[in-house]
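K.L.:
Just a sequence and a predicted model for now, questions to come.
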Amino acid sequence: MEQSLQFVVGVAEAGQRLDEFLAARIVRLSRMGIANMLARGECAVNGAAASAGRRLSAGDTVEAAVGDETPNAMTPEPMPLDVVYEDEHLIVVVKPAGVLVHPTRGVKRGTLANALTYHLNRLRIAESEADGETGGRGDWETFDDADSFSPSPHPSVSPS
C-alpha cells in the first residue's frame, strides 16, 4: 500500500540535502530505501522531480510516495533492548544469546542492528518533538513510549 506524504521545509532545515531531510522524517525507511525512492522518481520538491543532493529552501514543499519496502539490513524493528548505558556518543547493550549482531545474506530481521536502528530512530523522534519539530510526520511514525525515554545510565552502572 502506497502512502503520500507532504512536508514543508522550515527555516531550520533550509540548506539541508533532500535525502537527509527525508531520512529524518520517514524513519521506517532506511537511507537505502530513501535513495531507491528518489531514484524511482517518487519524490518531488515544489511539484518537480528532485535528486537526493538537492538543497532545500525554507518554504519548499516536499512530496513523497512511500510504498512498502522490502526489509533490508537496516529495517528498524521494535525489539526489547537491555540498555546498560546510553549518552549522546555511546550506547552499551546486553546482547541476548542467539541473536545475530547484524543481518546476513539470509537473515534480514531480528538482529541487534535492526533493534538498535529502531531504538535510535525513536530517540531522534523524541528529541525532535522535544525541540518542537514535528516535521509533518503522520501518526504511523510516532512511538507511544518516546516521551518516557531517558538517556540516563542503567542503575547498576556507576559513572566514573
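P.N.:
Sure thing, it's come through. Since the model is a prediction, treat every value here as computed from it, not as a measurement. Numbers count the residues shown, from 1 in each chain.
K.L.:
now the strands: where do they sit in this structure?
P.N.:
Using DSSP state E, the strands found in the chain span residues 3-8, 43-45, 48-49, 61-66, 82-86, 91-94.
K.L.:
what does the fourth one rub up against?
P.N.:
For strand 61-66, contacts defined as CB atoms under 8 Å, 6 or more residues apart in numbering pick out 2-9, 18, 21-22, 26, 28-29, 37, 42-47, 50, 56. Where you see a C-beta, it was placed from the backbone N, CA and C, and this is true even at glycine.
K.L.:
List the buried residues in that strand.
P.N.:
Residues of strand 61-66 classed as buried: V62, A64, V66 (neighbour count, 16 or more other CB atoms under 10 Å).
K.L.:
go on, the last one?
P.N.:
When burial is assessed from 16+ other CB under 10 Å, strand 91-94 yields the following buried residues: I91, V93.
K.L.:
Just the C-alpha atoms of that strand, please, in CSV.
P.N.:
What follows is strand 91-94, C-alpha atoms only, in CSV (Å, rounded to 0.1, in the frame of the first residue of the first chain):
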residue,chain,number,x,y,z
ILE,A,91,25.2,3.0,23.9
VAL,A,92,26.0,-0.2,25.8
VAL,A,93,23.5,-3.0,25.5
VAL,A,94,23.4,-6.6,26.6
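K.L.:
Is it correct that A113 is in contact with T104?
P.N.:
No: contact criterion CB atoms under 8 Å: A113 and T104 do not qualify, at 10.6 Å.
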